[in-house]
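**Q** Model the structure of this input:
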Amino acid sequence: MLGLLLGLAAIIAGNMMEGSAISLLVQGASFIIVFGGTLGAVMLQSPWKIFITGIKMGRWVFVTPHIPTQKLIYQITAWSSLARKEGALALQGQMMAHPDPLVKKGLQLLIDGCSAEKIREVLEVDISSYEKFRFQSARVWESAAGYAPTIGILGAVLGLVQVMQNLSDPSKLGTGIAVAFISTIYGVGLANLIFLPMANKLKMLVAQQITLSEILVDGLEGIARGENPRLIENKLQGYMV
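**A** You can find the predicted model right below:
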């Protein structure tokens, strides 16, 4: 939020220093053309489920989801100690109480006596599917960043068409041209100040979630092999940065 406010403040301050009124930057028609046209283009290219998920993920930029990396490492270490003392069946209660479907699935495989290799093979399918879907959803904003400047130019051309219709009144030409190019400002501004930064941050957050899943797989592998809990913890701590 601070980054967004700083960017907007810099643009508005620069505009005022050039002697332009803030009201000149507020054009409802230009905003409708750019925002609506960009939204329509993104909807056209994206499957509905990916589009809706991408829009919902947008709130992650301002309310960042918690990535409990250290907590998971402690949990895996505790599971390892419990399984070593009482056997894998002792993890049944842990599996039932955990809210994460991937954790439940991994613990169930461990309780069922699957090998470390089989646990990784099964869980990596789920992780790969999740990663692909979430990255495609994040790219909804990246696509918007690609379309917005072009739609902005389209809005500017439409504005210039209106200007050409008023050539008989020279007093309106300057203001009309300025208003026409506001569409270009909206297109380039939305793309580079909002849409593209959002897409990049969302992809970074998805990558962090995938790292969390990799920690889970490595930890469950260690438990399945009967490794020392302290060794498992030391290995997983390597993911912390």
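
**Q** from here on, contacts and neighbour counts on C-alpha atoms
**A** OK.

**Q** By residue count, tell me the biggest helix in the chain.
**A** Ordering each helix of the chain by length in residues (DSSP state H) puts helix 116-164 first.

**Q** For it, give the mean pLDDT please.
**A** Here helix 116-164 scores 92 as its mean pLDDT.

**Q** for stretch 186-203, same thing?
**A** 93.

**Q** can you start the count at 113 instead of 1 from here on
**A** Noted, 113 is the first residue going forward, which turns the last one into stretch 298-315.

**Q** Tell me how far the residue sitting nearest the centre point of the chain lies from residue 334.
**A** By CA atoms, centre = their mean, the mean C-alpha position of the chain lies nearest to residue 314, the distance being 2.0 Å. From residue 314 across to residue 334, the span is 31 Å (CA to CA, to the nearest Å).

**Q** What of residue 249?
**A** Per CA to CA, residue 249 is found 33 Å from residue 334.

**Q** Looking at these two, which one has more neighbours?
**A** residue 249 (26 against 21; other CA atoms under 10 Å).

**Q** How about the more buried one, nearest residue that isn't a chain neighbour?
**A** residue 166 (4.2 Å; CA to CA, 6 or more residues apart in numbering).

**Q** For the helix or strand in which residue 121 is found, output the C-alpha coordinates as CSV.
**A** Using DSSP states H and E, residue 121 sits in helix 114-129. Written as CSV, here are the backbone C-alpha positions of helix 114-129 (Å, rounded to 0.1, in the frame of the first residue of the first chain):
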residue,chain,number,x,y,z
LEU,A,114,2.8,2.4,0.8
GLY,A,115,4.4,1.7,-2.6
LEU,A,116,1.2,2.4,-4.4
LEU,A,117,0.6,5.7,-2.5
LEU,A,118,4.2,6.8,-3.1
GLY,A,119,3.8,6.2,-6.8
LEU,A,120,0.5,8.1,-7.0
ALA,A,121,1.8,10.9,-4.9
ALA,A,122,4.9,11.3,-7.2
ILE,A,123,2.8,11.5,-10.3
ILE,A,124,0.3,14.0,-8.8
ALA,A,125,3.1,16.1,-7.4
GLY,A,126,5.0,16.2,-10.7
ASN,A,127,1.8,17.1,-12.5
MET,A,128,1.2,20.0,-10.1
MET,A,129,4.8,21.2,-10.4
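
**Q** Quick check: buried residues in that helix?
**A** Within helix 114-129, the residues scored as buried using 16 or more other CA atoms under 10 Å are residue 124.

**Q** swap in stretch 343-353?
**A** 344-345, 348.

**Q** Give me the distance from it to the chain's centre.
**A** When C-alpha coordinates are averaged (CA atoms, centre = their mean, to the nearest Å), stretch 343-353 and its chain have centres 26 Å apart.

**Q** which residues touch it?
**A** Contacts with stretch 343-353, where a contact means CA atoms under 8 Å, 6 or more residues apart in numbering, come from 181-182, 185-186, 188-189, 323, 327, 330-331, 334-335.

**Q** hmm, 6 Å instead?
**A** residue 189 (CA atoms under 6 Å, 6 or more residues apart in numbering).

**Q** Assign residue 175 to helix, strand or coil.
**A** Secondary structure assignment for residue 175 (DSSP: H, G, I helix; E, B strand; the rest coil): coil.

**Q** State the distance from it to residue 159.
**A** Counting by CA to CA, the gap from residue 175 to residue 159 is 25 Å.
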